[in-house]
Structures are given as C-alpha cells and as structure tokens.
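Visitor: please work out how this folds:
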Amino acid sequence: MNLNQFRTQYRLRFLLAGFMAIFAVFLCSVAYAADPLPSWNDGTAKEAILYFVNAVTDKTSKDYVEPAERIAVFDNDGTLWVESPMYTQFLFAFERVKELAPQHPEWKTTQPFKALLEGDMKTVGASGMKGLMEILMATHSACCGESAFTRTKAKSACAYMGQSTHSEPSLSNTAMRPAGST
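Guide: Numbers count the residues shown, from 1 in each chain. Alright, predicted model coming up:
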C-alpha cells in the first residue's frame, strides 16, 4: 500500500467515523425530543410537570411567564427542597405524631413525643439526633409505597400553598402565575 492509498483510506475512515458520530447525536436528539424526561416513569407527576412547563413557556397561554420572571431553586438531587424553617421530613413527622397520637397514649408521657404534642420545640430540639430519629422511625415505620408518597406530597404542597390537605393540590404555585390570573 502506497502513501496515497493510505491517505485515501484514512480519510474515508475519518469521514465514516464522523458520519457515525453525527448519526448517533441525531438519534439521541430524536429520542430526547420524543420524551424530555426519559428517566421519569410515566404518571401524573410527570404529566403535571410537562403541562406546567408548556403552559408557562407558551406565549399564547394565559399562564405564560416571561423568561426574566421564571425563577427556580434546585437543591440536593435537583428537586425543590424546603429547608426553612426545617426539612420537609421533619415537618411531616411532627404532623404525623399529632395524627397518630390517639393510637399511642404512651406518647403523652414519653419524650420527645410529649414535648412535640405540647408544642415544646425547645425540648424536642434538646433531644438531639436520637430524639429526632425516634420521631422519624415512629412516624415513617408504617409508611410504605404510593400512599405514603401521595400523603406527603399532598400535605407539603397544600401547606406551602396555604390550602387544606383535603383537596388535591395544584402543582402551579400562585406566586408563579402572572398578575391577574387565577
């Protein structure tokens, strides 16, 4: 094989590799265009997020939000995560203690449950990690699967939006809506 044949063969291989790379990128972009959240399971949460994003980014939508007005805060694993006044898990656990208290009369005399039921957050805090873990274990041990997720999601979304937990929460926050919309 002479030098010219080698160059020609090298150029052909290089072009073929380039076309294969472009084709792979094309296939990936087509797959992404078909499903912008490919790692999410199909369900109501995914549908609601896609609907919300489409509604606030479509200029013809009554829910359109100008790009400069769109604000998102991501934390930890990319989710919206409430940290103040405390982590969502603790708020959920504290509410569950109150809900479960009639089934656990011993909590009226056992710390840190007694302090929590009396609203004594200073004593709850003084119980340290051990006390918080007792509360978390007691309130989450009976939780499982979709019902626990749904209960947590509904409670935290409703509490954040100032709604009753007896109705299905909307995923769109009133603060994100343009002025004058409902």
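Visitor: low pLDDT regions in the protein?
Guide: 1, 27-33, 73-86, 142-182 (pLDDT under 70).
Visitor: switch the cut-off to 50
Guide: For the chain, the stretches with pLDDT under 50 are 146, 154, 156-182.
Visitor: mind listing the strands for it?
Guide: In the chain, no strands are defined using DSSP state E.
Visitor: longest helix of it?
Guide: Identified as the longest helix of the chain according to DSSP state H is helix 3-34.
Visitor: return the list of helices and strands in contact with that helix.
Guide: Packing contacts for helix 3-34, counted by 3 or more C-beta pairs under 8 Å, 6 or more residues apart in numbering; DSSP states H and E, involve no helix or strand. The way it works is simple: take the backbone N, C-alpha and C, and place the C-beta from them, glycine included.
Visitor: quick one, domains of the protein?
Guide: 1-34, 88-176 (automatic domain parsing).
Visitor: what does stretch 102-119 contact?
Guide: By C-beta atoms under 8 Å, 6 or more residues apart in numbering, the residues outside stretch 102-119 that reach it are 94, 97-98, 101, 121-124, 127, 131-132, 134-135, 138.
Visitor: what ranges do the helices span in this structure?
Guide: 3-34, 44-57, 88-100, 113-117, 121-126, 128-140, 145-161.
Visitor: want to try CSV for those helices, with distance to Ala68 and mean neighbour count as columns?
Guide: Converted to CSV, the helices of the chain look like this (distance: least, C-beta to C-beta, whole Å; neighbours: other C-beta atoms under 10 Å):
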stretch, distance to Ala68, mean neighbour count
helix 3-34, 26, 10
helix 44-57, 13, 14
helix 88-100, 29, 16
helix 113-117, 43, 19
helix 121-126, 39, 14
helix 128-140, 40, 15
helix 145-161, 24, 14
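Visitor: just send those back as a markdown table, with distance to Glu106 too.
Guide: What follows is the helices of the chain, written out as a markdown table (distance: least, C-beta to C-beta, whole Å):
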| stretch | distance to Glu106 |
| --- | --- |
| helix 3-34 | 54 |
| helix 44-57 | 37 |
| helix 88-100 | 11 |
| helix 113-117 | 8 |
| helix 121-126 | 17 |
| helix 128-140 | 11 |
| helix 145-161 | 23 |
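Visitor: between those, which one is nearest to Arg70?
Guide: Closest of those to Arg70 is helix 44-57, at 6.9 Å (criterion: C-beta to C-beta).
Visitor: what's the closest one packed up against?
Guide: Packed against helix 44-57, as judged by 3+ C-beta pairs under 8 Å, 6+ apart, are no other helices or strands.
Visitor: contacting residues for Ala34?
Guide: Counting by C-beta under 8 Å, 6+ apart, Ala34 has no contacts.
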